[in-house]
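>>> how does the following fold in three dimensions:
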Amino acid sequence: MINEHYNLLLCKSLAESSALRQAKVWLHMAWLNDDAYNTMERDEAYRKARKLYYDGWYESKDPLTLEEEQQLSILLAELYLKDGRLKEARQYLLRAVNKSGNKVFNRQAQNRMYDIREIMEDEKNKEVEANDEDFEIEVGEE
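A predicted model of the protein is given here:
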């Protein structure tokens, strides 16, 4: 059944010329693969969606509204997070926060930045703990 959806979405993706529309198709494909526990296909679909959203934003002939830019920034941040690229995700979340923008999107971006900060701190603490364990092993061997 997933293959049928995949073929349908792939055909739709190829038929539509807009990178942003193609990205949406690949995002839906990622969700379908996630539901079917196809992790490799899911991850590849997320990467394709991220690239197409990025290309669509920077190569778009039509200007985006401030709210559309906020939405796209948050979406790109989430896609970078799925790939474990925290710094890039944080950069896009920073772009999403705008005094003149949608308050809901501002709050969502701020909350996700807080989540990323916690993840980064946890990773840093794990590194320190791992280095401490290595040091204890070296000292104990002497």
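
>>> please enumerate the strands of the chain.
Using DSSP state E, no strands are found in the chain.

>>> can you give me the helices for it?
Using DSSP state H, the helices of the chain run over 2-15, 19-35, 39-58, 66-82, 86-96, 103-141.

>>> okay, those helices in a markdown table with mean neighbour count and mean pLDDT next?
For glycine as for every other residue, the C-beta is placed from the backbone atoms N, C-alpha and C. Shown next, in a markdown table, are these (neighbours: other Cβ atoms under 10 Å; pLDDT from 0 to 100):
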| stretch | mean neighbour count | mean pLDDT |
| --- | --- | --- |
| helix 2-15 | 13 | 68 |
| helix 19-35 | 19 | 92 |
| helix 39-58 | 17 | 95 |
| helix 66-82 | 19 | 96 |
| helix 86-96 | 18 | 96 |
| helix 103-141 | 12 | 83 |
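
>>> state the distance from residue 74 to residue 43.
Going from residue 74 to residue 43 by Cβ to Cβ, to the nearest Å gives 20 Å.

>>> sorry, slip of the keys, the one I care about is residue 78.
From residue 78 to residue 43 the distance is 14 Å (Cβ to Cβ).

>>> and what of residue 56?
If you go by Cβ to Cβ, the gap between residue 56 and residue 43 works out to 20 Å.

>>> tell me the spacing between residue 70 and residue 45.
In terms of Cβ to Cβ, residue 70 sits 24 Å off from residue 45.

>>> that should have said residue 97, apologies.
Distance from residue 97 to residue 45, by Cβ to Cβ: 28 Å.
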